[in-house]
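>>> Quick one: sequence plus predicted model below, questions after.
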Amino acid sequence: MTASPLVTRTLTAEEIPAFIDVVFRAFLDDPAPENVAAETAQLEPHRTHGVFDGDELIGGGTMLTKRMTLPGTGPQPVAAVSCVAVAPDHRRRGALTRLMRAQLHSQHESGDAFAALYASEGAIYGRFGYGLAGHRAAFAVPRGAAFQSTVDISDGRIREVDKETALPLMHHLHGKVAPTRVGWVDRTKASWQVLLAENAEQLRSEDATKWRYAIHPEGYAIYQVRRNWSSRKPQHEVHAKEVLGATPQAYAALWRYLLDIDLTTVVRGDAATDDPIIHMLSDAADNGRQVTDGLWVRIVDIDRALPLRTYSAPVDVVLAVEDTLCPWNAGTWRIVAEADGPATVTRTDAEPDLALSARELGAVFLGGTTVQELVAAQRVRELTPGKARAASRAFAGDHQPHCPEKF
Ligand SMILES: CC(=O)SCCNC(=O)CCNC(=O)[C@H](O)C(C)(C)COP(=O)(O)OP(=O)(O)OC[C@H]1O[C@@H](n2cnc3c(N)ncnc32)[C@H](O)[C@@H]1OP(=O)(O)O
């Protein structure tokens, strides 16, 4: 049987269940009904593309409407790309390529200045102009690890409560903290459901507890314990899904609480690469940090995206930008900003100082990757000496970007 040409279009509400089915199949997952319901609730059909082979939906992806915190300006609109999937029996026929092209054009037309995603595999998205904008640190801190004597955990008492009790406080604290952390995205009711959905099959097979909720007046920790009674001593592991502290004391108190849970050996959790836990520990080597790729960013429209944030140092630089997928970005642009101000971005005929592609612009956008790193990696060409350093200083943020949930 010969395959039909692939066609890409946005979905109707009636087509969403078939799309969800493709997504879970592609991710090799057997979802519980709660997972299916949660994923379905967060999708907007008109921002969800399907790829069709004839009448058959064989792949697709969605663009969640979110706001991501940017350096200096707080939450700004972002297309949070998620649920990118092609059925296992239709791979390497160009379905993803079609999807990416359709998404970028639709973002350009609907006014999304930039897009962001978490990649399942790091080799997928560079070819579509996404740059590695942030890293993710997986921490593994041994049970009982001591803190520096200066660390104050104050007297905020931590209590374990059920999900319904925890949710209002978590909503409130997340809403307060997210706008101050670069890379964090806002959460709707539906995104909380996706985050906290219990996958019954997975819990059974991994012998893990349900999510537990430890709350503090100024923070919370969501965690589960993965049980291991196999050796003489219990070797359970604490897996922290999210530890949020609105104050340093609350953050320290929550980590202390997790590190002191009986029957366990280690606390595991993801955070920014510059998370305070590194410096809170008496023995810095106890953080067990393993760094991997985190947020990927795609600049959809250079002249709308770059003014969305402020810059850490004055800059006046001319960029020669390559962008075959979004030709409206290609060409020479002058970027001018004052310290702590937004940038003006204009087309120019001036000689370029730096030559780069959309990937590199995406990589530096959140302040997590420097222009100088990319010059050293031979990804940016410095045509005017000193301009890479100036651009690095301007694009730097106050801290490393990270997003606690993998949307
Ligand atoms: C934001 C997110 O949702 S991340 C989740 C991504 N989804 C998954 O990982 C689920 C499992 N995988 C899949 O569903 C599919 O394999 C996808 C979506 C990754 C790729 O879909 P396909 O339709 O096979 O990709 P397509 O045929 O368009 O390939 C385009 C190019 O990317 C390359 N490519 C595709 N997948 C991968 C990969 N996993 N690793 C490296 N390269 C890849 C192809 O080789 C091809 O390269 P070429 O242009 O040099 O020939």
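Sure thing, it's come through. Fair warning: this is a prediction, and the values are worked out from it, not measured in the lab. Numbers count the residues shown, from 1 in each chain.
>>> Within the helices and strands, which one has T65?
Assessed by DSSP states H and E, T65 sits inside strand 56-70.
>>> For the stretch 51-200 of the chain, list the residues in contact with the ligand, please.
81-86, 91-97, 117-121, 123-124 (Cβ under 6 Å from any ligand atom). Backbone N, C-alpha and C define where each C-beta goes, glycine included.
>>> Tell me who's in contact with F128.
For F128, the contacting residues are T97, M100, L104, R298, L325, by Cβ atoms under 8 Å, 6 or more residues apart in numbering.
>>> same thing but 6 Å
Listed by Cβ atoms under 6 Å, 6 or more residues apart in numbering, the contact set of F128 reads M100.
>>> coming back round to it: filter the residues of the stretch 51-200 of the chain next to the ligand down to the buried ones and hand me the PyMOL line.
Only the buried members of these end up in this PyMOL selection, burial being decided by 16 or more other Cβ atoms under 10 Å:
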select buried, resi 81+82+83+84+85+86+93+95+96+117+118+119
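>>> In helices only, show me the residues of the stretch 51-200 of the chain next to the ligand.
If you go by DSSP state H, these have A95, L96, T97 in helices.
>>> where's the second one relative to T292, distance?
Shown here: L96 relative to T292, a distance of 21 Å by Cβ to Cβ, to the nearest Å.
>>> Likewise for the first one?
In this structure, A95 and T292 are separated by 26 Å, where distance is defined by Cβ to Cβ.
>>> Likewise for the last one?
Taken as Cβ to Cβ, the spacing of T97 relative to T292 amounts to 25 Å.
>>> those helices in the stretch 301-407 of the chain, which residues are they?
For the stretch 301-407 of the chain, applying DSSP state H, counting those that start in this stretch gives helices covering 302-305, 358-364, 371-376, 387-395.
>>> can you tell me the average pLDDT over stretch 261-269?
Per-residue pLDDT over stretch 261-269 has a mean of 96.
>>> Any idea which residue of the stretch 151-300 of the chain lies closest to the ligand?
Nearest to the ligand in the stretch 151-300 of the chain, going by Cβ to the nearest ligand atom, is W296, at a distance of 8.1 Å.
>>> Mind pulling up the pLDDT for the residue nearest to that residue when sequence neighbours are not counted?
Once flanking residues are discounted, W296 sits nearest to Y130: 4.1 Å by Cβ to Cβ, 6 or more residues apart in numbering. On pLDDT, Y130 comes in at 98.
>>> Y130: what's it in contact with?
By Cβ under 6 Å, 6+ apart, the neighbours of Y130 are W296, R298, G362.
>>> what's the neighbour count on the residue of the stretch 151-300 of the chain closest to the ligand?
Neighbour count of W296, defined by other Cβ atoms under 10 Å: 25.
>>> Likewise for A113?
A113 is flanked by 20 other residues according to other Cβ under 10 Å.
>>> hang on, it packs against L306?
No - using Cβ atoms under 6 Å, A113 makes no contact with L306, being 8.6 Å away.
>>> show me what contacts the residue in the stretch 101-250 of the chain positioned nearest to the ligand?
Across the stretch 101-250 of the chain, the shortest distance to the ligand (Cβ to the nearest ligand atom) belongs to S120, at 3.3 Å. Residues in contact with S120 (Cβ under 6 Å, 6+ apart): none are found.
>>> Could you check the pLDDT of it?
pLDDT, S120: 96.
>>> what do you get for L6?
You'll see L6 listed with a pLDDT of 95.
>>> Kindly report the same for the one 3 residues further on.
The predicted structure scores R9 at 98 on the pLDDT scale.
>>> Check which helix or strand it maps to.
Residue-wise, R9 maps onto strand 6-10 under DSSP H and E.
>>> Give me the neighbour count for P168.
So P168, with other Cβ under 10 Å, has 9 neighbours.
>>> Check whether it sits in a helix, strand or coil.
Three-state call for P168 (DSSP: H, G, I helix; E, B strand; the rest coil): helix.
>>> now swap in V291 and tell me
Under three-state DSSP, V291 falls in the strand class.
>>> ok, so what distance separates A337 from R298?
21 Å.
>>> Show me what the residue of the stretch 151-300 of the chain closest to the ligand is bridged to.
L117, L132 (DSSP bridges).
>>> if we can go back for a sec, wait, which of the ones in helices among the residues of the stretch 51-200 of the chain next to the ligand is closest to V267?
L96 (36.3 Å; Cβ to Cβ).
>>> Please give me every residue in contact with L167.
L167 touches nothing, counting by Cβ under 6 Å, 6+ apart.
>>> for the chain, what are the low-confidence residue spans?
Residue ranges of the chain with pLDDT under 70: 1-3, 200-206.
>>> Neighbours of G269, how many?
Neighbour count for G269, taken as other Cβ under 10 Å: 23.
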